[in-house]
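# next input, structure requested:
(chains A and B)
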Amino acid sequence: MIIVRLISSVREARRGWSRKQGDTVRKRTARLGLALLAVLALALAGCASEDAVDTGSQAASSGESSPGVTDSEITFGMATPLTGNASSLGIDGQKGAEVFIKWLNDQGGTNGRKWKLVAQDDGFDLQKKATTVQYLIQQEQVFGIWGDVGSTAVSALPLINEQKVPYLFPYALAKQMIDPVQPYVFMDVPMADMQEHALSDWIADNEPGDHKIGLLTLNSADGGDAVSGFKAGKAGKYVVGEQQYERTATSWQPQLVALRSAGVTDIVIHGSDVWTAKILTEAKGLGMTDVQFYGSSGSVTPQVFALAGDAAEGLRAVAINAPSTATDVPGVKEFTDAFAKYEPGYKPGVFALHSWSSGLILAAGMKGIQGDTVTRDGLVASLEKLKDFDTKGITAPVSFTKDNHEGVDKVMLVQGKGGQWVTMTGFIGTTS
Amino acid sequence: MSSFIQLLVSGLENGIAYGLVGLALVLIFQTSRALNFAQGTMAAFCGYVAFELIVTRGFSWVIGAIGATIVGAVLGLGVERIAIRPLLGAPLLSLVIATLAIDAILGNVTQRLWGADVKNLPAPMGGDDWNVGSIVIGRTYVIIAIITLTLLALIAYMLKHTRIGLAMRAFADDQFAAELQGVKPQTVSRTVWMISAAIGGITGVLFGPLLFVQLGYMSPIFIKGFTAAVLGGFVSTSGAVLGGLLMGVLEALAVRYTSASIAPMLPLLVILVALLVRPTGVFNRKLATRRA
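Okay, here's the model as predicted:
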């Protein structure tokens, strides 16, 4: 009845508009009617999409497999930057996942099915991440979201929790991903605060003497976590200056000058390989050659040497996995051989290696699903039983419990020598 | 004291770069009344062209820069012909949307041609930066300053002493009256877009060594250049350069003398206050006087 009255008021308004005298009362009524119609349409669309999700979860609870699972295939989605200035990271991660899937499918896949990946571009944008994940879940009906790159992952958390879809091993260092524990989110990278805490402890334990440490971090959630993590460690007492930079920064000279005037002996950088390379280049230009620089895990790529050249020599960094060129590590050799077979000519980096190692963990989780049906809740239960899973030396052993979805709490230190990353330590944790 | 001077130098170095971008934006706005939101992507495209010529094909830096600038001019001509000229006289929003579309399309084309990897473009002059006492002056920034000041002088000469410059000024003042006097809008529009895009091209080449050539690397510079143009009131090329210098210095001082959370906002807050006091632009004295 209400809809009929709204529509008739719109029709009446249109007749009113065709008359030469403007009847403002009718125009107002018509506009109100159109607005209410639009709101009603949106509400109905929302109910429809909720119904679609409800259908999926109802199917799972009745003994059928979850969406994204057919008799022959399991489909995973990936929302990652494929365009824009973070696209080299996302594309590297996508390549790693695709090669892993080819390698796994050649061995028969898991659960009697082969894997498939649907990757979509999120442009490294917070809003776009959420809509891309929503598209993958509702339109592509994927089993889970796997291997995204970037702390934009936090914007997908409400949707993931609401629709109960596994969010598997995003390369995101924001603490919100694990604190509080998100029931459907599983990580395999130590958070930024843990990484920097371990670095802080290592510096204090292994580099005796007076230090004046400056922190130079990206203005972001994980940047803030990195600062608090470093200051919580044993070398936190040596911090004499903190500077931040924005994603849109075009020069780091003011920050470096500020830290230099504080008399720093060490600078800990939190940022990607490109930003780290720029900072090192500018620091070299400013004559800061006697400062020891430390990079974060995002800087441990071959690209930092290609971009910074000599300025990266001697750079130390926290790594969450073995360097992608360390073929003496069995897991890295297997990864390198797979790329030579399935993507010859492509030089995989750290994000491809992360996709590979997280693929190993995911495959183990899938194989551990009890029963004949493949469900999202089954995967969650299987992963929560995983203890000391060996990624063949790529990462520290991986363990999950119901109350801990962080997976890994150890890192290693690496150093730039002769244009390559070499390991300085095995996997280490915090000591304070 | 030396830290303060170094900060000023760093701020002026960045500011002159913002001014160069702002100059190109003002040039287009003066005549087309269009805001070219594709300027950053067009400049980045030229940076990739320079990489192709200098690194992949082995040409000298000067040849690569000239080649990239020519490509920029051709790109400007193409954009003007396809997207802007059909919309001459249309509302500003239509022109904005057209340039946003060009921005998106060109970004995708760039990625398809050169991929997503970051490229290292060599600097125009090798060697270390210059030291004056304990103050470091970047070589590339000195070249940017020389080019910016040269362009300012050339543009000023062109506007005052050439037929096309006179036509551009007439068109900027009153498009209708200029057309009645025989000024062809297509000629003015074409010339302005070619010059502005060429300036964008050389900017992309100069910033390549500083920011590394990668997708979207010129976007932050474009945003700051836009702010510089706003400070100049969007009618003065020299105002845009001065606005850029002001922004660069404010940024540098904010980082040093305020907290980490305030520093990114402070320059923009100052600019907001300045525009509230002088809405026609901080450095736009002539227009304020004329309209008064």
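# show me what contacts the residue lying closest to A:Ser297 once chain neighbours are set aside?
Among residues not flanking A:Ser297 along the chain, A:Ile320 sits closest, at 4.7 Å (CB to CB, 6 or more residues apart in numbering or on different chains). Any C-beta I mention is one placed from the backbone N, CA and C, and that applies to glycine too. Contacts of A:Ile320 were listed using CB atoms under 8 Å, 6 or more residues apart in numbering or on different chains, and they are A:189-190, A:195, A:297, A:354, A:395, A:408, A:411.
# what ranges does the stretch 1-150 of chain B have for its helices?
Taking DSSP state H, counting those that start in this stretch to define them, one finds helices in the stretch 1-150 of chain B at B:2-32, B:39-51, B:61-79, B:92-114, B:139-161.
# in the chain, which helix or strand is least confident?
Since you didn't name a chain, this refers to chain A. Every helix and strand of chain A was ranked by mean pLDDT, DSSP states H and E. The lowest is helix A:24-61, at a mean of 47.
# just checking, what packs against the next helix or strand after that helix?
As assigned by DSSP states H and E, the chain's next helix or strand after helix A:24-61 is strand A:73-80. Packing partners of strand A:73-80 (3 or more CB pairs under 8 Å, 6 or more residues apart in numbering or on different chains; DSSP states H and E): helix A:87-106, strand A:114-121, helix A:126-138, strand A:144-146.
# in a markdown table, list these along with distance to A:Ser358 and mean pLDDT.
Formatted as a markdown table, those follow (distance: least, CB to CB, whole Å; pLDDT from 0 to 100):
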| stretch | distance to A:Ser358 | mean pLDDT |
| --- | --- | --- |
| helix A:87-106 | 8 | 94 |
| strand A:114-121 | 13 | 96 |
| helix A:126-138 | 17 | 94 |
| strand A:144-146 | 7 | 97 |
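# figure out which of the ones you listed is closest to chain B.
Closest to chain B of the helices and strands packed on strand A:73-80 is helix A:87-106 (CB to the nearest CB; 3.9 Å).
# now do stretch A:408-419: distance from first to last residue.
28 Å (CA to CA, to the nearest Å).
# list the buried residues of that stretch.
A:408-416 (16 or more other CB atoms under 10 Å in any protein chain shown).
# ok now it, how far from the chain's centre?
20 Å (CA atoms, centre = their mean, to the nearest Å).
# quick check: mean pLDDT across that stretch?
The average pLDDT for stretch A:408-419 rounds to 95.
# also stretch A:66-82?
On average, stretch A:66-82 scores 95.
# and stretch B:278-287, by the same measure?
60.
# show me the shaky parts of the stretch 151-292 of chain B.
B:259-261, B:263-264, B:267, B:279-292 (pLDDT under 70).
# go with 90
Residue ranges of the stretch 151-292 of chain B with pLDDT under 90: B:151-192, B:209-211, B:214-243, B:246-292.
# got the residues of it near chain A?
B:207, B:210-212, B:214-217, B:219-221, B:223-224, B:251-253, B:255-256, B:260-261, B:263-264 (CB under 8 Å from any CB of the partner chain).
# mind redoing it with 7 Å?
B:211-212, B:214-217, B:220-221, B:223, B:251-252, B:255-256, B:260, B:264 (CB under 7 Å from any CB of the partner chain).
# pick out the most distant pair among those.
Greatest spatial distance among these (CB to CB): B:Leu215 and B:Arg256, at 31.3 Å.
# those two - which one has more neighbours?
B:Leu215 (25 against 19; other CB atoms under 10 Å in any protein chain shown).
# which residues touch the more buried one?
A:83-85, A:87, B:107, B:110-111, B:116 (CB atoms under 7 Å, 6 or more residues apart in numbering or on different chains).
# turn these into TSV, including distance to A:Thr373 and neighbour count.
Below are the contacts of B:Leu215 laid out as TSV (distance: CB to CB, whole Å; neighbours: other CB atoms under 10 Å in any protein chain shown):
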residue	distance to A:Thr373	neighbour count
A:Thr83	37	20
A:Gly84	39	21
A:Asn85	42	23
A:Ser87	37	24
B:Gly107	44	20
B:Thr110	46	23
B:Gln111	41	18
B:Ala116	39	20
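# any chance of the residues you listed in CSV with distance to A:Thr217 as columns?
Output for those, formatted as CSV (distance: CB to CB, whole Å):
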residue, distance to A:Thr217
A:Thr83, 26
A:Gly84, 22
A:Asn85, 19
A:Ser87, 23
B:Gly107, 28
B:Thr110, 30
B:Gln111, 29
B:Ala116, 25
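# can you tell me which of those is nearest B:Gly19?
A:Asn85 (23.3 Å).
# next one: phi and psi at the closest one?
phi -80, psi 0 (degrees, to the nearest 10).
# one more: B:Asn120?
According to degrees, to the nearest 10, B:Asn120 has phi -100, psi 110.
# okay, now the unreliable bits of the stretch 301-432 of chain A?
Checking the stretch 301-432 of chain A against pLDDT under 90 turns up A:301-303, A:324-327, A:345, A:347, A:349-350, A:370-372, A:431-432.
# show me what from it comes close to chain B.
Counting by CB under 7 Å from any CB, the stretch 301-432 of chain A sits next to chain B at A:303, A:306-307.
# can you lay out these as CSV showing secondary structure and distance to B:Met1?
Below are those laid out as CSV (DSSP: H, G, I helix; E, B strand; the rest coil; distance: CB to CB, whole Å):
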residue, secondary structure, distance to B:Met1
A:Gln303, helix, 38
A:Ala306, helix, 38
A:Leu307, helix, 34
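# pick the one among these closest to chain B.
Using CB to the nearest CB, A:Leu307 comes nearest to chain B of those, at 5.3 Å.
# give me every residue that touches that closest one.
Per CB under 7 Å, 6+ apart, neighbours of A:Leu307: A:274, A:277, B:118, B:120, B:212.
# can you pull out the helices in the stretch 151-300 of chain A?
Going by DSSP H, counting those that start in this stretch, the stretch 151-300 of chain A shows helices at A:157-163, A:192-206, A:221-232, A:253-261, A:273-285.
# can you pull out the strands in the stretch 201-350 of chain A?
A:213-218, A:239-245, A:266-270, A:292-295, A:316-319 (DSSP state E, counting those that start in this stretch).
# related to what we said a few turns ago, got the phi and psi for the residue nearest to A:Ser297?
Dihedral angles (degrees, to the nearest 10) for A:Ile320: phi -90, psi -10.
# would you mind measuring from it to chain B?
Remark: distance between A:Ile320 and chain B (CB to the nearest CB, to the nearest Å) = 21 Å.
# and chain A, what are its domains?
Here the domain parsing of chain A from automatic domain parsing is A:2-61, A:73-190+A:327-401, A:192-319+A:414-423.
# residues of stretch A:382-399 that come out buried?
A:382-384, A:386, A:389, A:391-396, A:398-399.
# how about stretch A:166-184?
So, applying 16+ other CB under 10 Å, buried residues of stretch A:166-184: A:166-178, A:182, A:184.
# check stretch B:164-179 too.
For stretch B:164-179, by 16+ other CB under 10 Å, it's B:165-172, B:175, B:178.
# with stretch B:59-68 instead?
Those would be B:59, B:61, B:64-68, for stretch B:59-68 by 16+ other CB under 10 Å.
# what mean pLDDT does that stretch get?
Here stretch B:59-68 scores 94 as its mean pLDDT.
# and for stretch A:148-166?
pLDDT averaged over stretch A:148-166 gives 92.
# any idea how far that stretch is from the chain center?
10 Å.
# now stretch B:114-126
20 Å.
# and it, is it in reach of chain A?
Yes. Counting by CB under 7 Å from any CB, contacts between stretch B:114-126 and chain A involve B:116-118, B:120.
# buried members of the residues you listed into PyMOL, please.
A single PyMOL command selects the buried members of those (16+ other CB under 10 Å):
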select buried, chain B and resi 116+117+118+120
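# for B:Leu8, state which of the residues of stretch B:114-126 next to chain A is nearest.
B:Asn120 (29.1 Å).
# which stretch among the strands of the stretch 201-350 of chain A comes nearest B:Tyr18?
Taking CB to CB, strand A:239-245 is the member of the strands of the stretch 201-350 of chain A nearest to B:Tyr18, at 16.6 Å.
# brilliant, that's me finished.
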